[in-house]
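> have a look at this prediction, sequence included:
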Amino acid sequence: MDSQSIAGVLGGIIAALVLVIAFAYGPMGPFGKGGTPAAAPAAQKAPAPTAPGPRGPVIRDVPN
């Protein structure tokens with residue numbers, strides 16, 4: 001074996017180790033593991049309907 005083939009074998013072993021470690025720690029970035037899931041928000045009652053507030057003046061186009 002010459003030095004280039006030994007370097008190729010060692011490079012393959014190191015690349016395999018890096019991939020195993022990367023998969024062990026999980027994906028990084030925006031697709032990474034999330035923290036603990038947030039609790040579902042409690043169902044809230046809708047507020048009681050109230051009378052609508054006062055409306056402003058209605059402006060309409062008037063033909064000449």
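On my side now, so go ahead. Numbers count the residues shown, from 1 in each chain.

> tell me, how many residues neighbour Val20?
Neighbour count of Val20, defined by other CB atoms under 10 Å: 10. (Each C-beta comes from the backbone N, C-alpha and C, glycine too.)

> scratch that, Val9
Counted by other CB under 10 Å, the residues lying close to Val9 total 11.

> could you do the one 3 residues further on as well?
Around Gly12 sit 10 other residues, with neighbours defined as other CB under 10 Å.

> do Ala15 as well
Neighbour tally, Ala15, other CB under 10 Å: 10.

> quick check: which element contains it?
Secondary structure assigned from DSSP states H and E places Ala15 in helix 3-25.

> average pLDDT across that helix?
If you average the pLDDT over helix 3-25, you get 92.

> return the distance of it from the chain's centre.
Helix 3-25 sits 31 Å away from the centroid of its parent chain (CA atoms, centre = their mean, to the nearest Å).

> next, the buried residues of that helix.
For helix 3-25, burial by neighbour count (16 or more other CB atoms under 10 Å) applies to no residue.

> for that helix, name the packing helices and strands.
With contacts defined as 3 or more CB pairs under 8 Å, 6 or more residues apart in numbering; DSSP states H and E, helix 3-25 has no helix or strand neighbours.

> what sits up against that helix?
Contacts to helix 3-25, defined as CB atoms under 8 Å, 6 or more residues apart in numbering, come from no residue at all.

> what are the C-alpha coordinates of that helix, in CSV please?
Extracted in CSV, the C-alpha atoms of helix 3-25 (Å, rounded to 0.1, in the frame of the first residue of the first chain):
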residue,chain,number,x,y,z
SER,A,3,0.7,6.5,1.3
GLN,A,4,-2.3,7.8,-0.9
SER,A,5,-4.3,4.6,-0.3
ILE,A,6,-3.6,4.7,3.4
ALA,A,7,-4.7,8.4,3.5
GLY,A,8,-7.9,7.4,1.6
VAL,A,9,-8.7,4.7,4.1
LEU,A,10,-8.1,6.9,7.1
GLY,A,11,-10.1,9.7,5.5
GLY,A,12,-13.0,7.4,5.0
ILE,A,13,-12.9,6.2,8.6
ILE,A,14,-12.8,9.8,9.9
ALA,A,15,-15.7,10.8,7.6
ALA,A,16,-17.7,7.9,8.9
LEU,A,17,-17.0,8.9,12.5
VAL,A,18,-18.0,12.5,11.8
LEU,A,19,-21.3,11.3,10.2
VAL,A,20,-22.1,9.0,13.2
ILE,A,21,-21.5,11.8,15.7
ALA,A,22,-23.6,14.2,13.6
PHE,A,23,-26.5,11.8,13.6
ALA,A,24,-26.1,11.1,17.3
TYR,A,25,-26.4,14.7,18.2
